[in-house]
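K.L.:
Fold the following and give me the result.
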Amino acid sequence: MKNISIKNDAGLLALAVRLVIGWTYFSAFWRRTILANKLDPELAGYIGEKFNHFLPNALGIKPVILFLVENPDMLWINMVIFTIIEGIVGLFIIFGLFTRIMSIGVFLLAMGILLGSGWIGTTCLDEWQIGVLGIATGFLLFLTGSGKYSLDNYFMKNNFSFTKKKWFNWMGSGELPIKEHIFPKIVLIGSLFIFGITLLTNQIFHGGLWGTLHNKSVKPKLEITAGKIENNKLSFDVFRTEGVDVYGSWIIGIELLNTQNKTTIKYTQNDLSRLSKENISNYYVAKIKPGKHSLIIPLGAKANLNFQNETLSNLPNGTYTVQITDISGVSWKHQILKN
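P.N.:
Residues are numbered from 1 along each chain as shown. This is a model prediction of the structure:
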């Protein structure tokens, strides 16, 4: 093995980064399995519901998220696999074992976080920062490998046979087998690519480069679609696409308005808190459900709401408006044509 001075040991210089990024990913496994059970779909805090929060504004991977939240069994399997991978990657990075292949895992996990949830964060663009910094540190650790304080280094110092194989320098640590005049170009191209991803996602998710700066996590937003009035039944789909991910939108009123903007039917917060399962058909893992004082709509939840009322049978044909009101006073409207 080629002797490298301690001062020029890039892997050693990146030790703090390696330990912190390793714990960042291993701690996800630790939280979900040891400190609390976040892999049980029946318990509060199930990680699958958090994953569902990503859906409304995910970039590029929305079809994958949609498929999983529509298929709870597949979602659970993927959440377990994802958690195990995070645990392995984090632990191996901390100990500096097969550092380079694990750094690719860091890069891919961070990319998933960035594309899925980079738009979430009420104050400091939290998930976006975690994603872009994870991508950058994954690339850094691939270039440096692990230095003096690592299992990779221990195996190399003690001349374990597998460290003599060509693949070990690509998957573990040591000097990358890249020609010296090409190496700076790889560093530059990779760094500019990651910087480009950073600027692109900052603009798409938050308007961070030009235009109006926005944050989709500050206040709730509902999309109302597929409204129908048939005989004595009113139904429509509700999808919460924005707002804080740690608590729901609290709905205190649902009204049906006529063309004169007068209320023909009204459901108060007490009415909504007493809705039954027959009134709500959820599409995803995150579920719309009645709470103690209102109807609760978590981020990413979508459901069909239906109400039976004899008044509907006697309404004349025409255009009506469904109005949903949040406890904050914000309301959303959707027009329905009754033929």
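
K.L.:
Grab the nearest non-local neighbour of residue 66.
P.N.:
In this structure, residue 66 finds its nearest non-sequential neighbour in residue 55, 6.3 Å apart by Cβ to Cβ, 6 or more residues apart in numbering. (Glycine included, C-beta is placed from N, CA and C.)

K.L.:
In three-state terms, how would residue 234 be classified?
P.N.:
At residue 234 the chain is in strand, as set by DSSP: H, G, I helix; E, B strand; the rest coil.

K.L.:
and the residue nearest to it when sequence neighbours are not counted, what does it touch?
P.N.:
The shortest distance from residue 234 to any non-neighbouring residue, by Cβ to Cβ, 6+ apart, is to residue 307 (4.8 Å). Neighbouring residues of residue 307 by Cβ atoms under 8 Å, 6 or more residues apart in numbering: 233-235, 254, 265, 267, 279.

K.L.:
Which parts of the stretch 101-250 of the chain are helices?
P.N.:
126-144, 151-157, 166-171, 183-206 (DSSP state H, counting those that start in this stretch).

K.L.:
Next, count neighbours for the residue nearest to residue 199 when sequence neighbours are not counted.
P.N.:
Distance criterion Cβ to Cβ, 6+ apart; nearest residue to residue 199, sequence neighbours excluded, is residue 209 at 6.3 Å. The number of residues packed near residue 209 is 11, by other Cβ atoms under 10 Å.

K.L.:
Could you do residue 319 as well?
P.N.:
If you count neighbours by other Cβ under 10 Å, residue 319 ends up with 11.

K.L.:
ok, now residue 338?
P.N.:
Look at residue 338: counted by other Cβ under 10 Å, it has 15 neighbours.

K.L.:
for residue 78, same thing?
P.N.:
16.

K.L.:
any idea which helix or strand carries it?
P.N.:
According to DSSP states H and E, residue 78 maps onto helix 72-95.

K.L.:
orientation of that helix relative to helix 126-144 in degrees?
P.N.:
Calculated by axes from the mean of the first three to the mean of the last three Cα atoms, to 10 degrees, helix 72-95 forms an angle of 50 degrees with helix 126-144.

K.L.:
packing partners for helix 72-95?
P.N.:
helix 15-30, helix 47-53, helix 62-70, helix 99-117 (3 or more Cβ pairs under 8 Å, 6 or more residues apart in numbering; DSSP states H and E).

K.L.:
what residues does it touch?
P.N.:
For helix 72-95, contacts defined as Cβ under 8 Å, 6+ apart pick out 18-19, 21-30, 32-33, 39, 41, 47-48, 51, 67-69, 98-99, 102-103, 105-106, 109, 141, 150-151, 285.

K.L.:
How about stretch 96-104?
P.N.:
Contacts of stretch 96-104 (Cβ under 8 Å, 6+ apart): 11, 18, 88-89, 92-93, 138-142, 145-147, 149-153, 170-173.

K.L.:
redo that, cut-off 6 Å
P.N.:
Stretch 96-104 is contacted from outside by 89, 92-93, 138, 141-142, 145-146, 150-152, 171-173, using Cβ atoms under 6 Å, 6 or more residues apart in numbering.

K.L.:
which ones are touching residue 281?
P.N.:
Contacts for residue 281 (Cβ under 6 Å, 6+ apart) come out as 303-304.
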